[in-house]
Every structure is written in structure tokens, then in C-alpha cells.
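Asker: would you be able to build a 3D model of this:
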Amino acid sequence: MQRVKIHNQTHPLPAPILAPYCDTFLSRLRGLMFRKSLAQREGLLLVERAESRVGAAIHMLFMNFDLCVVWINTEMRVVDVQLARKWQPSYTPAQPARYTLETRTEYLLEFHAGDLIRFEQAS
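Answerer: Okay, the predicted model is just below:
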């Protein structure tokens, strides 16, 4: 599976977040369910075919830890950031999004609505 480095160009991170690029139904469905934790600088990038609020919604069932969820539109702008609590039924972005970044909760203060994001293929 392809991996990408995620950079916040508006509020630069000390190091990029490394995430699998999940653009298939099965990879998005599996997500981070049943994982024990995420490593430092690790995340998961869920990729939809088009921008949508409903299509970009996530669930937290079968999750063992809370997440920082960052929704990004096709213009590569953050449209919403939320703390997603484990075992909650669903979270939906405030605005339509194409990309959903799931990462560690300590990134909650690192992303803001309007931030410009860049993806770079990881080697």
C-alpha cells in the first residue's frame, strides 16, 4: 500500500505524519479498527472519490484509543478538526471533505480550519 508524508504548510509540524493512503473500500472500511495504538508521527489517510460530508464520516466502533481527525477538501485545506472518542458511533465533518486524516490526539492543536496541507509520496 502506498504511504504518504503529510505536511501542514500553514503551521509546520516538527516532522511530517507518515500514513498509508487508503483509497479502496476495504482499506477505508478496516481503518484503524482493532489496532492497539499508533506510533509517533503515524496516521491513516482515508481517501474518498469526491468531496462529501456523509462520505467522509467515520465511526469509532472497535477502536481501542481516541483519535485526532483532520478533514481536508480537494483544495488541500483543512475543513474540520475533531477529537474522536473510542466506541462512539460516528463523526461527520462540518464541511465536505475528500481526505480524512486519523492520527494521534496530540496533533489536535497542530491543525486548524483553513490550514493548507501537502501530501508527499514516502519512499
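Asker: what's the closest non-adjacent residue to E42?
Answerer: L18 (6.0 Å; Cβ to Cβ, 6 or more residues apart in numbering). Quick note: C-beta positions are derived from backbone N, CA and C, even for glycine.
Asker: so what's R53 up against?
Answerer: R53 sits next to 92-97 when contact means Cβ atoms under 8 Å, 6 or more residues apart in numbering.
Asker: quick one, which of the residues you listed are buried?
Answerer: Those of the contacts of R53 that meet the buried threshold are 93, 96-97, by 16 or more other Cβ atoms under 10 Å.
Asker: got a markdown table for the residues you listed, with pLDDT, distance to G114 and secondary structure too?
Answerer: Output for these, formatted as a markdown table (pLDDT from 0 to 100; distance: Cβ to Cβ, whole Å; DSSP: H, G, I helix; E, B strand; the rest coil):
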| residue | pLDDT | distance to G114 | secondary structure |
| --- | --- | --- | --- |
| P93 | 98 | 14 | coil |
| P96 | 98 | 15 | coil |
| A97 | 98 | 13 | strand |
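Asker: and of these, the nearest to H7?
Answerer: Within the buried ones among the contacts of R53, distances to H7 taken as Cβ to Cβ reach their minimum at A97, with 17.6 Å.
Asker: how about the closest one, nearest residue that isn't a chain neighbour?
Answerer: Closest to A97 by Cβ to Cβ, 6+ apart is W71, at 3.6 Å.
Asker: got the end-to-end distance for stretch 76-93?
Answerer: From the first residue to the last, stretch 76-93 extends over 15 Å; the measure is Cα to Cα, to the nearest Å.
Asker: buried ones in that stretch?
Answerer: Residues of stretch 76-93 classed as buried by neighbour count (16+ other Cβ under 10 Å): 77-82, 84, 91, 93.
Asker: quick one on the thing from earlier: show me which of the buried ones among the contacts of R53 is closest to P14.
Answerer: A97 (24.9 Å).
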